[in-house]
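A.B. asks: Please work out how this folds:
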Amino acid sequence: MHDKSMTNWGSTPRNKRKGLGRPFAVVRHGSASVPIYVGKVKGSTRYTLSFYLNGRRKRRTFASLEKAKKEARLVAQQIQAGQQHANDLRPHERESFLLATKLLEEIGVPLVTEVAPENGAKGEMKD
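C.D. replies: Residues are numbered from 1 along each chain as shown. A predicted model of the protein is given here:
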C-alpha cells in the first residue's frame, strides 16, 4: 500500500525537519485527544486527523482546518464515550445514514426492512 502523503525524510534538509511529525493542532475531549497534521499535497494545504479504530490507525484528510477540527471533535467525543464503532463511517456517509434513519423513523419503518434482500435489495447480505 502506498501512502501518497508520506514524508520522504531523506530529501528534507535537517534544518527544515523541525516541525515535521508534530501535530499542527490537537483536539481534546476529556482524556481523548485527536491530533491534526498539516501538509501539502499537489500544492494544496491538507489537514489530516489521525486516530485508532479497532486497533488500526485511521487517517482522514480535509481541505479546511474548520472541517478537520469539527470531525476531530466528533471523533474525540465518540472515543471518550466508548463509541468507536460510530467512527466506521466517513462524514458524508454518516450524514446520509442519519438522514435515511430519520426519514424512515418518521414513517415508522425500520431501516433493515427497507434494505433486506427479500425486499428487492440488490446483492446478498454478508456474514
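
A.B. asks: Helices of the chain, start to end?
C.D. replies: Counting by DSSP state H, one finds helices in the chain at the ranges 65-80, 91-106, 111-115.

A.B. asks: and these, which one is worst for confidence?
C.D. replies: When the helices of the chain are compared by mean pLDDT, helix 111-115 comes last with a mean of 77.

A.B. asks: same for that helix, what does it pack against?
C.D. replies: Identification of packing neighbours for helix 111-115 by 3 or more C-beta pairs under 8 Å, 6 or more residues apart in numbering; DSSP states H and E yields helix 91-106. Placement of C-beta: from N, CA and C, glycine included.

A.B. asks: Poorly predicted segments of the chain, please.
C.D. replies: In the predicted model of the chain, residues 1-20, 54, 83-88, 117-127 satisfy pLDDT under 70.

A.B. asks: Tell me how many other residues surround the residue lying closest to Lys69 once chain neighbours are set aside.
C.D. replies: Excluding its sequence neighbours, the residue lying closest to Lys69 (C-beta to C-beta, 6 or more residues apart in numbering) is Val27, at 5.8 Å. The local packing of Val27 (other C-beta atoms under 10 Å) involves 21 other residues.
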